[in-house]
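> Requesting a structural model of the entry that follows:
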Amino acid sequence: MSTPLAIAVYFTIWWTVLFAILPIGVRSLHEDGEAPAGSDPGAPVNPRLLVKALWTTIVSGIVFGLLLLYIEYA
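The predicted structure follows:
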């Protein structure tokens with residue numbers, strides 16, 4: 001696999017995994033019971049985006065590595 005193709009595949013895997021990880025552990029303002037007046041009750045209280053980006057990078061690296069192993073040895 002060429003380097004530009006590998007980067008494109010990893011980028012695609014990263015975004016797909018991000019959308020799978022984003023809803024994990026999120027509580028809305030409505031569920032938390034602290035919705036200020038005028039705010040959207042569905043807005044997340046603490047989305048922890050940096051932690052989720054880190055987990056996304058780790059999981060994407062594993063998935064990408066497995067894909068490379070499959071391409072190499074299948």
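
> can you give me phi and psi for the residue nearest to Pro36 when sequence neighbours are not counted?
Leaving aside its chain neighbours, Pro36 sits nearest to Leu29 (7.8 Å; criterion: CB to CB, 6 or more residues apart in numbering). Where C-beta positions appear, they are placed from N, C-alpha and C, glycine not excepted. Dihedral pair for Leu29: phi -60, psi -40, per degrees, to the nearest 10.

> Would you map the helices across this protein?
Taking DSSP state H as the test, the helices found in the chain are 3-21, 29-32, 49-73.

> Confidence-wise, which of the ones you listed is weakest overall?
Mean pLDDT is lowest for helix 29-32 out of the helices of the chain, coming in at a mean of 79.

> Which residues does it contact?
By CB atoms under 8 Å, 6 or more residues apart in numbering, the surrounding residues in contact with helix 29-32 are 35-36, 39-45.

> Could you rerun that using 6 Å?
With contacts defined as CB atoms under 6 Å, 6 or more residues apart in numbering, helix 29-32 is touched by 35, 41, 43, 45.

> how about stretch 20-39: buried residues?
Applying a neighbour-count criterion of 16 or more other CB atoms under 10 Å, one finds 21, 29, 35 buried in stretch 20-39.

> Please read the previous query as pertaining to stretch 13-22.
For stretch 13-22, the buried set under the neighbour-count rule, 16+ other CB under 10 Å, comprises 13-14, 17-18, 21.

> With distance to Ser60 as new columns, can those be given to me in TSV?
Formatted as TSV, those follow (distance: CB to CB, whole Å):
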residue	distance to Ser60
Ile13	5
Trp14	4
Val17	5
Leu18	8
Ile21	10
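
> who's in contact with the closest residue to Glu34 other than its chain neighbours?
The shortest distance from Glu34 to any residue that is not its chain neighbour, by CB to CB, 6+ apart, is 7.3 Å, and that residue is Val45. By CB under 6 Å, 6+ apart, the contact list for Val45 reads 27, 29, 32.
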